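Asks: Sequence first, then the predicted structure:
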Amino acid sequence: MTELDALKALADPEKAEQMLTYHKAPRVYLGVANAQLDDLVAEWRASRDVDDRVALARGLWDSDIHEARVAAAKLLTQARIRPDKAVWSLIAGWVPEFDGWAIADSAMTAGQKRLVADPARLDEVEAWLALPNKWTRRAALVGTLPWAKMNNPKPADLAARERVLGWAAQLADDRDWFIQKAIAWWLRDLSKRDTPRVQAFLADHGARMKPFARKEALRLVQDR
């Protein structure tokens, strides 16, 4: 049984139809639960080295089946991967194909690990801000969330944090809901570590953001 066959064997047509309606992106949905995907991926990962995982992830992604693409990302979501150049190259190559939040967020969860492992890759990510695909622009913020969540950032981490806040400022005029949500998400996570910095960002750029995003950015501050 191939890995795709294993996924298809878990298909739930009724749930698949619900997922198509919810996600809207035009591709095949199998209706496989996330927990089932995790079990399969753990099995696949345990029996493969990095090169084989990259090859399997590429094949799963190229199938354009929703669950296969999510599984491809999960297969590469690991903090310690050496060497990881091929892993990052594959993830970055997926970014222009993003067309919805579920697959994009799964892929960028894997991407976060590779960016933290090699922050020099932020130079490549910065170029995504200028691309027309909104999901690509959004990925720049989702992929860099670890810098919003660091409790004890080193000077280089603080510099990276400020760099990404500059990206958020660039995107503040973007009226797309998902872009605004990503800005708010970044600021909300940062507010738990550095409330004054978030308040300063909103003082400078909040008027350009949508009201819901401003409110979401401060939600954890207001709840305390």
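Replies: Ah, there it is.
Asks: ok, how many other residues are close to residue 73?
Replies: Residues lying near residue 73 (other Cβ atoms under 10 Å) number 25. Placement of C-beta: from N, CA and C, glycine included.
Asks: my guess is it meets residue 106, correct?
Replies: Yes. Taking contacts as Cβ atoms under 8 Å, residue 73 lies within contact range of residue 106: 3.9 Å.
Asks: Need phi/psi at residue 28.
Replies: Note on residue 28: its backbone torsions stand at phi -80, psi 130 [degrees, to the nearest 10].
Asks: is it in a bridge, and if so with what?
Replies: For residue 28, the beta-bridge partners are residue 65 (DSSP bridges).
Asks: So for stretch 121-136, first residue to last residue, what's the gap.
Replies: This stretch, stretch 121-136, spans 15 Å end to end (Cα to Cα, to the nearest Å).
Asks: Can you name the residues in contact with that stretch?
Replies: 88, 92, 95-96, 98-101, 104, 114-115, 137, 139-140, 143-144, 160, 163-164, 167, 170-171, 174, 176, 178-179 (Cβ atoms under 8 Å, 6 or more residues apart in numbering).
Asks: For it, buried residues please.
Replies: Neighbour counts over stretch 121-136 (16 or more other Cβ atoms under 10 Å) mark 121, 122, 125, 126, 128, 129, 134, 135, 136 as buried.
Asks: tell me the mean pLDDT for it?
Replies: The predicted model assigns stretch 121-136 a mean pLDDT of 96.
Asks: Also stretch 63-83?
Replies: Per-residue scores along stretch 63-83 average to 94.
Asks: Once you drop chain neighbours, what's closest to residue 68?
Replies: Once flanking residues are discounted, residue 68 sits nearest to residue 60: 4.2 Å by Cβ to Cβ, 6 or more residues apart in numbering.
Asks: pLDDT score for the one you found?
Replies: Model confidence at residue 60, expressed as pLDDT, equals 97.
Asks: On the three-state scheme, residue 132 is what?
Replies: coil (DSSP: H, G, I helix; E, B strand; the rest coil).
Asks: and the gap between it and residue 165?
Replies: The gap separating residue 132 from residue 165 is 23 Å, by Cβ to Cβ, to the nearest Å.
Asks: swap in residue 62?
Replies: 36 Å.
Asks: These two: who's more crowded?
Replies: Neighbours around residue 62 and residue 165, counted as other Cβ under 10 Å, are more numerous at residue 165. The numbers are 23 against 11.
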